[in-house]
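Colleague: 3D model of this:
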Amino acid sequence: MTKRILLNAFDMACAGHQSPGLWAHPEDQSDRYNDINYWVELGQLLEKGKFDGLFLADVVGVYDVYKGSRNAAVRQGVQVPVNDPLLLVPAMAQATKNLSFGLTYTLTYEQPYTLARRFSTLDHLTNGRVAWNIVSSYLDSAARNYGLSQQIGHDNRYELAEEFLEVVYKLWEGSWEDDAVKHDKDTRVFADPEKVHEIDHDGKHFRVKGIHLCDPSPQRTPVLYQAGASPRGRKFASHHAECVFVAGPTPQIVRKTVDDIRQKAEESGRGRDSIKVFTVFTPIVGRTEEEAKRKHEEQKSYVSYDGALALLGGWTGIDYSQLEPDQTLEYIENDSMRSAVEIFTTADPEKRWTVEELAKHVGLGGRGPLVVGSPEQVADELERWVREADVDGFNIAYTLAPGTFKDFIELVVPILQERGLVQKDYEEGTYREKLFGSGKTHLPDTHTGTQYRKRKELETV
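Modeller: I've put the predicted structure just below:
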């Protein structure tokens, strides 16, 4: 195997992230999420470990499906309180040189004009080390905080997303020409107005007439992640995503999604390898298998059963308090995260999950695999997932922060480096160059966003 494995740390500006209840463990420090020094230290740790990036999840609502209440989520600290991920990045970028940052922002409740400005600013400040994880949000509680009675329908959210992306492409790619900024002190011309264009967008959901407020950032368009693995989400990804984040408990389940994404990318004219696919992976590693198993047994005692079901309820839209612990989960279509329901119901015909099994599985690391073992065993399992699921990399989730990352960097990364599977040092360049190769700073010509570079009919200011 010669394909380099890409590594992101998977985190969120809250306590516990995807291991509900583990914030109470005496070694966990994730409850320091309000301390900027915590994030700076984490960024420096990840760069020392040669991680490619830090992938920051986010939600803009609370998990209130379980028992019809937010109480379990609030009591157990299930992704609430949660801070804005973007505001963490400048400090981490200042303290690092090569680590990149993937930021989750829902487009359903944003304006493209504002979001484009945020990401251009951040791309400037990080010297091109930023990515946007495009999501459409799946919580009714979020919709109610933005003036709606409930969230927009699942497929309708993607219709909105298509137009949202059209607007930001026009702003990022088409508004400012490459040589618009002159910064000429002799002639006192900062920018040539003939090379700055209004986008004049008038669509079903958005009307944006003016120019982009920012001059072209190093990448122009940030690296584009997408985290929806439903059939509609995969179609969206085939046109827009450069990286896709998927999750599943087995390589076989994930492989079905990966194959479909690559096939759709090929059909769209972009090529099967135009998208890097990441999956979630949670390691509990010890210097020996026995030590790892001891850690696992201890950590299981901190898992919150109610917290796990609150998390699952938000993901799937199902109130698990209405089901018995030994009841088998069946597929229910709703407007929540459909891929989360699918992977535990129809994705594997030979496996049916009970509610109790689901809670125990999700309680340490979320929807992906939990791997407990020695450094060699964890490294072997990563290799197996690359081989059998055809993924390009992993979002490494934690059970204890930053301890999971420290153990992984100290014990597993050197083995992967010896095997030639992860980088020993960073390549120069922007995040897109680090992912796709030197010189590939901007969106490739095969990407749908580049059509807006070539629009000659845009009016000049």
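
Colleague: for the helix or strand where Phe281 lies, packing partners?
Modeller: According to DSSP states H and E, Phe281 maps onto strand 276-285. Secondary-structure packing of strand 276-285 (3 or more C-beta pairs under 8 Å, 6 or more residues apart in numbering; DSSP states H and E): strand 6-12, strand 243-246, helix 251-267, helix 289-300, strand 370-373, helix 375-389, strand 393-396, helix 403-407. Every residue, glycine included, has its C-beta placed from N, CA and C.

Colleague: thought Gln151 was touching Tyr109?
Modeller: No: with contacts counted by C-beta atoms under 8 Å, Gln151 stays clear of Tyr109, the gap being 9.8 Å.

Colleague: anything in contact with each of the two?
Modeller: Ser137, Ala142, Ala143 (C-beta atoms under 8 Å, 6 or more residues apart in numbering).

Colleague: any idea how far Glu388 is from the first one?
Modeller: Going from Ser137 to Glu388 by C-beta to C-beta, to the nearest Å gives 32 Å.

Colleague: All the strands of the protein, residue numbers only.
Modeller: Using DSSP state E, the strands of the chain run over 6-12, 53-57, 100-106, 130-135, 181-184, 189-191, 201-202, 207-208, 223-226, 243-246, 276-285, 370-373, 393-396.

Colleague: hang on, the earlier thing: which of the shared contacts of Gln151 and Tyr109 has the most neighbours?
Modeller: The residue in the shared contacts of Gln151 and Tyr109 with the most neighbours, by other C-beta atoms under 10 Å, is Ser137 (25 neighbours).

Colleague: list the contacts for it?
Modeller: Contacts of Ser137 by C-beta under 8 Å, 6+ apart are Val59, Val60, Gly61, Thr106, Thr108, Tyr109, Ala143, Gln151, Arg157.

Colleague: what's the pLDDT at it?
Modeller: Note for Ser137: predicted pLDDT of 81.

Colleague: next one: Asn334
Modeller: Per-residue confidence (pLDDT) for Asn334: 51.

Colleague: What of Thr316?
Modeller: pLDDT, Thr316: 85.

Colleague: And it, how far from Ser304?
Modeller: Taking C-beta to C-beta, one finds Thr316 at 18 Å from Ser304.

Colleague: Compute the number of surrounding residues for the closest residue to Gln299 other than its chain neighbours.
Modeller: Leaving aside its sequence neighbours, Gln299 sits nearest to Thr399 (C-beta to C-beta, 6 or more residues apart in numbering; 5.4 Å). Neighbour count for Thr399, taken as other C-beta under 10 Å: 27.

Colleague: With Val391 instead?
Modeller: Neighbourhood size, Val391 [other C-beta under 10 Å]: 25.

Colleague: if I pick it, what's in contact with it?
Modeller: Taking C-beta under 8 Å, 6+ apart, we find Val391 in contact with Val246, Val254, Val258, Val277, Phe278, Thr279, Trp385.

Colleague: likewise Thr441?
Modeller: Counted by C-beta under 8 Å, 6+ apart, Thr441 has contacts Gly128, Pro218, Gln219, Gly429, Thr430, Arg432, Glu433.

Colleague: Can you tell me how far it is from Glu433?
Modeller: In this view, Thr441 and Glu433 are 6 Å apart by C-beta to C-beta.

Colleague: about what we covered before: have a look at Gln151 and Tyr109 and say which one is more surrounded.
Modeller: The neighbour comparison of Gln151 against Tyr109 (other C-beta under 10 Å) goes to Gln151, with 25 against 18.

Colleague: Need the per-residue pLDDT for the residue lying closest to that one once chain neighbours are set aside.
Modeller: Spatial nearest neighbour of Gln151, chain neighbours left out: Ala143 (4.1 Å); criterion: C-beta to C-beta, 6+ apart. Per-residue pLDDT puts Ala143 at 89.

Colleague: so Ala143 sits right up against Val62, yeah?
Modeller: No: judged on C-beta under 8 Å, Ala143 makes no contact with Val62 at a distance of 12.0 Å.

Colleague: quick one: common contacting residues for the two?
Modeller: Common neighbours of Ala143 and Val62 are not found (criterion: C-beta under 8 Å, 6+ apart).

Colleague: follow-up on the earlier one: ok, of the shared contacts of Gln151 and Tyr109, which one's closest to Ala73?
Modeller: Closest approach to Ala73 among those (C-beta to C-beta): Ala142, at 13.1 Å.
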